[in-house]
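Student: Whatever this is, show me its structure:
(4 chains)
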Protein chains: 2
Amino acid sequence: MTRPEDRSRRRPKIADVAATAGVSTATVSRALSNPGLVGEATRARVMDAVEVTGYRINSAARDLRQRRARSLLILAPNLSNTFFGTIFAAIQKVAGEAGLAVQISDSRLESSRLATLGHDGRTDAIVLLDGALDPEIVNGWRLPLVQLCEWNEDYDAPAITIDNAAAARLAVDHLAQLGHRRIVHVEGPPDNVLAIHRRAGAQAGATARGLELTLLPGDFTMESGETAARRWAAMTPRPTAVFCASDECAFGFIAECAAMGLAVPADVSVVGFDDVDFAGRFLPALTTVHQPRAEIGRIGAERLLAALEGGRPLGPRAEPVPTRLVVRASTAAPPTTSPRPKQ
Amino acid sequence: MTRPEDRSRRRPKIADVAATAGVSTATVSRALSNPGLVGEATRARVMDAVEVTGYRINSAARDLRQRRARSLLILAPNLSNTFFGTIFAAIQKVAGEAGLAVQISDSRLESSRLATLGHDGRTDAIVLLDGALDPEIVNGWRLPLVQLCEWNEDYDAPAITIDNAAAARLAVDHLAQLGHRRIVHVEGPPDNVLAIHRRAGAQAGATARGLELTLLPGDFTMESGETAARRWAAMTPRPTAVFCASDECAFGFIAECAAMGLAVPADVSVVGFDDVDFAGRFLPALTTVHQPRAEIGRIGAERLLAALEGGRPLGPRAEPVPTRLVVRASTAAPPTTSPRPKQ
DNA sequence: ATCGCGGCTGCAATCGATTACATCAGAGCT
DNA sequence: AGCTCTGATGTAATCGATTGCAGCCGCGAT
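Tutor: Numbering: from 1, shown residues only, chains lettered A, B, ... in the order given. Below you'll find the predicted structure:
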């Protein structure tokens, strides 16, 4: 005797739908995933049965059979970083519309756990926001993979990025045009590709414009901006403008200036990099290089989807995504009150 | 004839390991997931074989057989919101250490797609950061579920939250103690639980302290803070302090004040709510109610894990997570220069 | 009448693990 | 020797879908 509550309480499976509709499971499967293959009337009966039973597909079973996961993994070095939120949202939007789930994980894991993430069959493709992972592991995954923002030449995967050096030059050019002659660049972490390219761009710009450029160490954080502000304040003569390698760093710099009783941009002009959500509301509103994060996320996700659908490999490297300088209130002409020492 | 490249190129499965070690697949499975059940020597042979073949488990197969996904789903109304990053990170940390994957999705989806998310067998538990979903759908999932920050009485699930009303009173009490008598509360969205409780707390506090409280509409965004600032500036007499229902709203309010040539806290004191990462670096540093986001995320994830392991249900409702007011530079005594109109 | 063909449908194998149950060897005891 | 018991291992069913292959039916052409 079959207990009636079994039928109602258990999660219905395809066999239940088939029984209700009076067809085989094969037909149900086809009606759902490839409707053109079944007859009009049958399809209608199946759809009714699906409705009646409340059937939902079991992804684990389908994934096993089809050897794919309909899921994409995002790896980032720090999930709480404000910078990444917009990118996650863009990726999830594209992926969700294509029926893919989005899994996230911190990328700074013990290497065996990290390696497993790309090998456990739960993921068809990977979005990597971290350029500092072991290339052995990354290339070992053998999955379609794109790098976003950051990149690493040793990874065998395309990167969707902006041209960081050119963007840094925009910032320096802007300061030069305002009349600044001595500027500071607060760098990012020494071994970070972004930091290296931004510094190179800043140096090239300074050289081309005949500016005197001083480098101060930093690591993209607000704390490093504060430290840099104190070091800058102690310099004689003081440079009149600062280009920070990240917005957060610029915020820290400006906050510390305020704490020291110095005003931006009256005493010093500050340019950031990234154009995070707060940049426009900061006081003063921050002049910064806009990084099109949503766009980058979208492009990355679309390229992965194309690779998954078409089965063809991802192209080798993408054109840089266009960027631009957003001029706001944190930059102005250098203070005229200060003596202009010839030497 | 078996082609040799098959063995080497294909993803090795448990049968390959078994063949290499000279045991059955059952033994390999036990050696990996329940080592106590197999003999010392056998286990060592199996481990070697795993190493040699480069075997990684296929999660889809295991998930199917065990009828669970080892995965947890986070649903939030807006993935790009800065507020959520820290929560995601905390959840992922706890879940990752327990071997669970973390899936994220926007919660504002077409209802059938939303319903499917909790029914497709890819998820064993859900973290919900959105209190505005259809209770029918949410309760239909029949999965362990916790609500974080926001909640909805119609969901049959515990919520990890702070006591929003009490927290709002802290803010109002602080302003009263500084000497403010007329204050504004910029509300959150009208139908949002958080907004409702914060307003109730603010009203209760104002009443208890004999303050005059004016409500202005808002929706937690910076834009609504700006709008509120203009409406506040047009009031006569102008209230001397503002309690905004979110930090973002407060930032918008302050930025607009600056644009209008009014200073914080000299002309108006401003209190926020949440204590997001930037609050301490804003100019002026924002006085705000601290919401322990990492803590909330951690507790939520731990409760889900406990429910999954123990199989027992989640408790009905949790104690509120302690909160506190962080006093910074955006609040001060009311301006003494303004006339004190009796009427 | 026969054949071929196209359109639907069903049967049963398959994906890769886990696990209930059976088996077996050896130890310990009478 | 005979029996039981325990621990290690193997056999085969199972999870729930997809899909290659084959069968069936009806129709038009030969």
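Student: For the stretch 151-300 of chain A, just list every one of the strands.
Tutor: For the stretch 151-300 of chain A, applying DSSP state E, counting those that start in this stretch gives strands covering A:159-160, A:182-186, A:212-216, A:241-244, A:269-274, A:287-290.
Student: Break chain A down into its structural domains.
Tutor: A:4-57, A:69-157+A:294-321, A:164-286 (automatic domain parsing).
Student: Alongside DNA strand C, which residues does chain A contribute?
Tutor: Within chain A, the residues that sit near DNA strand C (C-beta under 7 Å from any atom of the strand) are A:22-27, A:30, A:37-43, A:61, A:64-65, A:67. No exception for glycine: its C-beta is placed from N, CA and C like everyone else's.
Student: quick one: the helices in the stretch 101-250 of chain A?
Tutor: Assigned by DSSP state H, counting those that start in this stretch, the helices in the stretch 101-250 of chain A fall at A:111-117, A:135-140, A:164-178, A:193-209, A:222-233, A:247-259.
Student: what helix or strand is the spatially most central residue of chain A on?
Tutor: Central residue of chain A (C-alpha atoms, centre = their mean): A:Ile87, 4.4 Å from the mean position. Counting by DSSP states H and E, the element that carries A:Ile87 is helix A:82-97.
Student: elements contacting that helix?
Tutor: Secondary-structure packing of helix A:82-97 (3 or more C-beta pairs under 8 Å, 6 or more residues apart in numbering or on different chains; DSSP states H and E): strand A:71-76, strand A:101-106, helix A:293-310, helix B:82-97, strand B:101-106.
Student: would you turn these into CSV with mean pLDDT and distance to A:Thr336?
Tutor: Formatted as CSV, these follow (pLDDT from 0 to 100; distance: least, C-beta to C-beta, whole Å):
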stretch, mean pLDDT, distance to A:Thr336
strand A:71-76, 97, 45
strand A:101-106, 97, 49
helix A:293-310, 93, 38
helix B:82-97, 95, 39
strand B:101-106, 97, 51
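Student: Go through those and name the closest to B:Asp154.
Tutor: strand B:101-106 (20.8 Å; C-beta to C-beta).
Student: what's the distance between that closest one and the middle of its chain?
Tutor: 13 Å (C-alpha atoms, centre = their mean, to the nearest Å).
Student: what's the angle between that strand and strand A:101-106?
Tutor: If you take axes from the mean of the first three to the mean of the last three C-alpha atoms, to 10 degrees, strand B:101-106 sits at 120 degrees to strand A:101-106.
Student: mind checking how far the closest residue to DNA strand C within the stretch 51-200 of chain A is from DNA strand D?
Tutor: Closest residue of the stretch 51-200 of chain A to DNA strand C, C-beta to the nearest atom of the strand: A:Arg65 (3.4 Å). For A:Arg65, the distance to DNA strand D equals 4 Å [C-beta to the nearest atom of the strand, to the nearest Å].
Student: got it, and A:Leu304?
Tutor: From A:Leu304 to DNA strand D the distance is 20 Å (C-beta to the nearest atom of the strand).
Student: ok, for A:Gly205, nearest residue in space, not its chain neighbours?
Tutor: Residue nearest to A:Gly205 in three dimensions, not counting chain neighbours: A:Val172, with 3.3 Å by C-beta to C-beta, 6 or more residues apart in numbering or on different chains.
Student: helix or strand right after the worst-scoring helix or strand of chain A on mean pLDDT?
Tutor: Every helix and strand in chain A was compared by mean pLDDT, DSSP states H and E; the lowest is helix A:4-9, with a mean of 46. As assigned by DSSP H and E, the chain's next helix or strand after helix A:4-9 is helix A:14-21.
Student: Comparing the helices of the stretch 101-250 of chain A, which stretch has the densest surroundings?
Tutor: With neighbours taken as mean count of other C-beta atoms under 10 Å in any protein chain shown, these reach their highest mean count in helix A:247-259, at a mean of 25.
Student: Taking strand A:269-274 as reference, get the angle to it.
Tutor: Using the same axes, to 10 degrees: helix A:247-259 against strand A:269-274 is 150 degrees.
Student: packing partners for helix A:247-259?
Tutor: So helix A:247-259, by 3+ C-beta pairs under 8 Å, 6+ apart, packs with helix A:222-233, strand A:241-244, strand A:269-274.
Student: Enumerate the residues of chain A near DNA strand D.
Tutor: Residues of chain A lying near DNA strand D (C-beta under 7 Å from any atom of the strand): A:11, A:13-15, A:25-26, A:29-30, A:32-33, A:55, A:57-58, A:61-62, A:64-66.
Student: one more time with 10 Å, if that's ok
Tutor: Taking C-beta under 10 Å from any atom of the strand as the contact definition, chain A meets DNA strand D at A:10-18, A:24-34, A:37, A:55-68.
Student: Show me which of these are buried.
Tutor: Among these, those classed as buried by 16 or more other C-beta atoms under 10 Å in any protein chain shown are A:12-14, A:16-18, A:27-32, A:55-64, A:68.
Student: Filter those residues down to just the ones in strands.
Tutor: Among those, no member is found in strands (DSSP state E).
Student: Among the residues you listed, name the ones in helices.
Tutor: In helices, judged by DSSP state H, the following of those are found: A:14, A:16-18, A:27-32, A:59-64.
Student: For B:Arg238, state which of those residues is nearest.
Tutor: Nearest member of these to B:Arg238, counting by C-beta to C-beta, is A:Ser59, at 57.9 Å.
Student: residues in contact with that closest one?
Tutor: Residues near A:Ser59 by C-beta atoms under 8 Å, 6 or more residues apart in numbering or on different chains: A:70, B:120-122.
Student: ok, back up a step: so which of the helices and strands packed on helix A:82-97 gets nearest A:Gln177?
Tutor: helix A:293-310 (26.7 Å).
Student: Show me what counts as buried in the next helix or strand after that closest one.
Tutor: The element immediately downstream of helix A:293-310 (helix or strand, assigned by DSSP H and E) is strand A:324-326. Within strand A:324-326, the residues that count as buried by 16+ other C-beta under 10 Å are A:325-326.
Student: ok, and what's touching strand A:324-326?
Tutor: Contacts for strand A:324-326 (C-beta under 8 Å, 6+ apart): A:167, A:170-171, A:174, A:271, A:275, A:279-280, A:287-290.
Student: re the thing from before, pretty sure the residue nearest to the centre of chain A sits against A:Ala294.
Tutor: Yes - the pair A:Ile87 / A:Ala294 is scored as a contact, 7.3 Å apart, by C-beta atoms under 8 Å.
Student: Nearest to B:Asn152 among the ones in helices among the buried ones among the residues of chain A next to DNA strand D?
Tutor: Using C-beta to C-beta, those come closest to B:Asn152 at A:Ser59, 26.9 Å.
Student: circling back to that earlier point, show the contacting residues for the residue nearest to the centre of chain A.
Tutor: A:Ile87 neighbours (C-beta under 8 Å, 6+ apart): A:129, A:148-149, A:293-294, A:296-297.
Student: out of these, which are buried?
Tutor: The neighbour-count test (16+ other C-beta under 10 Å) marks A:129, A:148-149, A:293, A:296-297 as buried among those.
Student: export those residues to TSV and tack on distance to A:Gly99?
Tutor: Compiled in TSV, the buried ones among the contacts of A:Ile87 are given as follows (distance: C-beta to C-beta, whole Å):
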residue	distance to A:Gly99
A:Leu129	23
A:Leu148	21
A:Cys149	26
A:Arg293	24
A:Ile296	22
A:Gly297	18
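Student: between these, which is nearest chain B?
Tutor: Nearest to chain B, judged by C-beta to the nearest C-beta, of the buried ones among the contacts of A:Ile87 is A:Arg293 at 8.7 Å.
Student: wait, A:Arg328 sits on A:Thr288?
Tutor: Yes - in this structure A:Arg328 lies within contact range of A:Thr288 using C-beta under 8 Å: 7.4 Å.
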